[in-house]
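[1] Attaching a predicted model along with its sequence, questions to come.
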Amino acid sequence: LSVRGWRHYDSEHNGKPYTVPEGQYLTRFFFVSVSSGMGAISLGNCLDNVYFSKDPLPLENTKSRVTVTKNVTGLDAIPQNYSVTFQVGGSKQILTADRFTQQGQTFTASVTFDYTELSPNSSQKLTVTETGGNVENYRQAISYQVTGGETTLTGETATTQQFDLPAGQSRSVTFTNTYTPTTTDLTITKTFVGLDEEKANQVWGDITFTTEGKRATKNSESVTAGGDGTFTATATISGLTIGQAYTITETGAGLDGYTLSTVAEVDEEGDTATAEIEALAQGTSVSFTNTYTRDTGTLTIQKQVTGLLDSDSAANETFTVTITGPADAADVTFKDASNSDKKFVLAADGSKAEVANVAVQVGTNLVINNLPTDEYTVQETLPTGNTDILNGKYYFVNAQNDGKANVILDKNGKTATITNNYAP
């Protein structure tokens, strides 16, 4: 009570309601006289009632009230810079992030607008307008309801339809903002280096790109030739959330007989086979470049003879073989046991490469380096009848496996052995 009569004060005079801090289990409120019409702060100040509530104060007979409640769904948390402004008539109030409380998956806050200028039995027509509420990387859909008796309105705009506010009564307006992440498509470009078109298509058919349970869709079933001997293809992962971090993983890029090195680039950054995207943006692309290096090994050819009574009879004897291997062995060169230059030549149909009339010597290994890993056949040119006489003492009987040796060459190398049997 003051010289001006009874007056009403509430927390809205301080800008917002008082929020009890988390973990504070005892709260004391003190009322202090700061001025007096009589000039003495110890005299002339009376408190008629103190009211504590999480809800707005009871409506006085001379007032009308609009309570605006804001519900937010679709967000894991309210961003610190979040704010929304409500305007009712000529009054505005702002809800900031610290005003919201979480109830399940919904964040809620409210403001009240009180009106004292209405005469008894009169009313005024109002609208409530919401502005703001934008959240980066999300789109929002707004719905509202006006309640408080006979009126219920729904809509998809930020301004309500006009409604009546009778003197001494209240209306509740609820705005619900549903936020949906903004999504985009991610394009993946795949480049093959060191493969021909057939093998690039083979690998492209096996490759997959995945992230967060999503699998890329290939934009073509085959690769496209580049001008520099490379081949490229693209794939797309749809429905990724803008602003979110992603790890793009490539699997199935290996090829037997080749050593693979992969560089992954996200907007020209990155050096591993797994591409890391810190924050996906509209138009972000990922490039995987796979460089294939042909695995090679060393093929060793041994020539042995059996059935001799003296081992010296076969010393330094030379035999002739033909070596057949994969097509990409073409042009590999070496020297045979007679010191002649030899080279693998591609067959007319392109299916294999071979070299004939290769001299091998008993007791000396013929070593051929840098051959592509694959299957090789070494076939000796066998004598007919008893025409092959060793040291004038021994004649040819037969050759094990008809003079043929098959090996699967790997990076560790392999040895092919041809064994001939002789008799005195």
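    That came through, no problem.
[2] all contacts plus neighbour counts: C-alpha atoms, from now on.
    Will do.
[3] Identify the residues contacting the closest residue to V367 other than its chain neighbours.
    Nearest non-adjacent residue to V367, counting by Cα to Cα, 6 or more residues apart in numbering: T300, 4.6 Å away. Neighbouring residues of T300 by Cα atoms under 8 Å, 6 or more residues apart in numbering: 365-368, 413-416.
[4] filter these to the buried ones?
    Using 16 or more other Cα atoms under 10 Å as the burial test, those include 365-368, 413-416 as buried.
[5] Could you export the residues you listed as a markdown table, including pLDDT, distance to F209 and secondary structure?
    Output for these, formatted as a markdown table (pLDDT from 0 to 100; distance: Cα to Cα, whole Å; DSSP: H, G, I helix; E, B strand; the rest coil):
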| residue | pLDDT | distance to F209 | secondary structure |
| --- | --- | --- | --- |
| N365 | 94 | 48 | coil |
| L366 | 96 | 46 | strand |
| V367 | 97 | 43 | strand |
| I368 | 97 | 40 | strand |
| G413 | 96 | 35 | coil |
| K414 | 97 | 37 | strand |
| T415 | 97 | 40 | strand |
| A416 | 96 | 42 | strand |
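[6] and of the residues you listed, the nearest to K70?
    Among those, G413 lies closest to K70 (Cα to Cα), at 74.3 Å.
[7] The closest one and V367 touch, don't they?
    No: judged on Cα atoms under 8 Å, G413 makes no contact with V367 at a distance of 10.2 Å.
[8] Now for the two: what residues contact both?
    298-300.
[9] Check what contacts stretch 366-382 and list those residues.
    Contacts for stretch 366-382 (Cα under 8 Å, 6+ apart): 257, 294-302, 319-326, 328-329, 332, 334, 336-337, 360, 399, 403-411, 416, 418.
[10] same thing but 7 Å
    257, 294-302, 320-326, 328-329, 332, 334, 336-337, 360, 403-411 (Cα atoms under 7 Å, 6 or more residues apart in numbering).
[11] Stretch 74-94 now?
    Stretch 74-94 is contacted from outside by 95-97, 126-133, 178-180, using Cα under 7 Å, 6+ apart.
[12] By mean pLDDT, point me to the weakest helix or strand of the protein.
    Lowest on mean pLDDT, DSSP states H and E among the helices and strands of the chain sits strand 389-390, with a mean of 68.
[13] Distance of K92 relative to V146?
    Using Cα to Cα, to the nearest Å, K92 is found at 18 Å from V146.
[14] which of the two has more neighbours?
    Higher neighbour count among K92 and V146: V146, with 24 against 14, using other Cα atoms under 10 Å.
[15] partners of the closest residue to D328 other than its chain neighbours in the sheet?
    Closest residue to D328 apart from its sequence neighbours, by Cα to Cα, 6+ apart: P372 at 6.8 Å. Counting by DSSP bridges, P372 forms beta bridges with T296.
[16] Bridge partners for T251, pull those for me.
    When assigned by DSSP bridges, T251 has beta-bridge partners T208.
[17] Sorry, slip of the keys, the one I care about is T184.
    Beta-bridge partners recorded for T184 (DSSP bridges): L240.
[18] pretty sure it contacts I237?
    No: under the criterion of Cα atoms under 7 Å, T184 is not in contact with I237, lying 8.8 Å apart.
[19] In stretch 325-339, which of the residues would be classed as buried?
    Buried residues in stretch 325-339 (16+ other Cα under 10 Å): 325-330, 332-334, 336-337.
[20] Go ahead and name everything in contact with that stretch.
    341-346, 350-354, 358-361, 366, 368, 371-372, 374-377.
[21] next one: that stretch to chain centre, how far?
    46 Å (Cα atoms, centre = their mean, to the nearest Å).
[22] tell me the mean pLDDT over it?
    Mean pLDDT, stretch 325-339: 95.
[23] Could you do stretch 34-49 as well?
    66.
[24] now swap in stretch 224-236 and tell me
    Computed over stretch 224-236, the average pLDDT equals 94.
[25] give me the element the residue nearest to V367 is part of.
    Here T300 sits within strand 296-306, counting by DSSP states H and E.
[26] State the helix or strand in which E198 lies.
    helix 197-206.
[27] just the CA coordinates of that helix, formatted as CSV?
    Written as CSV, here are the backbone C-alpha positions of helix 197-206 (Å, rounded to 0.1, in the frame of the first residue of the first chain):
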residue,chain,number,x,y,z
GLU,A,197,38.7,-50.5,-69.0
GLU,A,198,37.7,-54.1,-68.5
LYS,A,199,39.3,-54.3,-65.0
ALA,A,200,38.1,-50.9,-64.0
ASN,A,201,34.5,-52.0,-64.8
GLN,A,202,35.1,-55.2,-62.8
VAL,A,203,36.2,-53.2,-59.7
TRP,A,204,33.4,-50.6,-60.2
GLY,A,205,30.9,-53.4,-60.0
ASP,A,206,32.3,-54.5,-56.6
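[28] by contact count, what packs against that helix?
    With contacts defined as 3 or more Cα pairs under 7 Å, 6 or more residues apart in numbering; DSSP states H and E, helix 197-206 has no helix or strand neighbours.
[29] what's in contact with that helix?
    192, 222-223, 231, 252-253, 255.
[30] now that helix: mean pLDDT?
    When pLDDT is averaged along helix 197-206, the result is 95.
[31] following the strand holding T300, which helix or strand comes up?
    Strand 296-306 is succeeded, C-terminally, by strand 318-325 (DSSP H and E).
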